[in-house]
Every structure is written in C-alpha cells, then in structure tokens.
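need a structure here:
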Amino acid sequence: MNIMFLLIGVSLLAAMFFLFLFIWAVKSGQYDDTFTPSVRILFDDELDSKYETKNETKGNEEPAEPGNEEINKDNLTGSQ
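A predicted model of the protein is given here:
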C-alpha cells in the first residue's frame, strides 16, 4: 500500500513538471505563429529549388593549381 502513495506522489510531480514546461512554452511564444505551418506546404518546391542550386554550384569550382592534384590509386601505381 505504501508503494501506491509513492507512485501517486511521483506521478503528481511528473505532471506538475510537464505542466510547468507547457506554461513556459506558451509564455515564451512557441505557439504564437499559427499561420506559417498551414501554408508551408505551398512553398515546399521553392525550398527544394534553393537546395538544388547550392548542390549544382559544387561542380563548378575552379580547378586546383598545378601540383596540388589529389593523389589517387592510378598515380601511386604508376599506370596512366
């Protein structure tokens, strides 16, 4: 029977802790923006195109200076 009182006390402490975290989140503005999540799906393609342009520019880098080429397996074995 004593364990029941302990479990009830621990559960009440956990519930108060989560209630405190919820009140803190509401007061700090976590739930203020209710419009953006509803229209975020409409702008998904725009975000994807930004990432594609970043990845496409990686291949257009300037060539390395002579003598600074990366060492690969062919260079080590002497075969060309």
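
show the subsequent helix or strand relative to the longest helix seen in the chain.
Using DSSP state H, we find that the single longest helix of the chain is helix 2-27. Counting by DSSP states H and E, the next helix or strand C-terminal to helix 2-27 is helix 36-39.

would you quantify the distance from Leu19 to Val26?
The gap separating Leu19 from Val26 is 11 Å, by CB to CB, to the nearest Å. For every residue, glycine as well, the C-beta is placed using N, CA and C.

what about Leu19, how many residues close to it?
For Leu19, the neighbour count with other CB atoms under 10 Å is 10.

again with Ser28
Residues within reach of Ser28, counting by other CB under 10 Å, total 9.

ok, the one 4 residues further on next?
The burial metric for Asp32, expressed as a neighbour count using other CB under 10 Å, is 8.

same check, this time on the one 4 residues further on
Thr36 sits with 8 neighbouring residues when counted by other CB under 10 Å.

Arg40 too?
By the criterion of other CB under 10 Å, Arg40 has 10 neighbours.

and if you look at Leu42?
8.

how much space between it and Phe35?
12 Å.

now do the same contact list for Lys27.
Contact criterion CB atoms under 8 Å, 6 or more residues apart in numbering gives no residues in contact with Lys27.

now it: how far from Thr34?
Look at Lys27 and Thr34: by CB to CB, they are 16 Å apart.

Ala14 too?
To Thr34, Ala14 is 29 Å away according to CB to CB.

name the residue in the two with the higher neighbour count.
The residue with more neighbours, out of Ala14 and Thr34, is Ala14; 10 against 7, by other CB under 10 Å.

separation between the more buried one and Ala25?
17 Å.

hang on, the earlier thing: same question for the longest helix of the chain, mean pLDDT?
Mean pLDDT, computed over helix 2-27, is 96.
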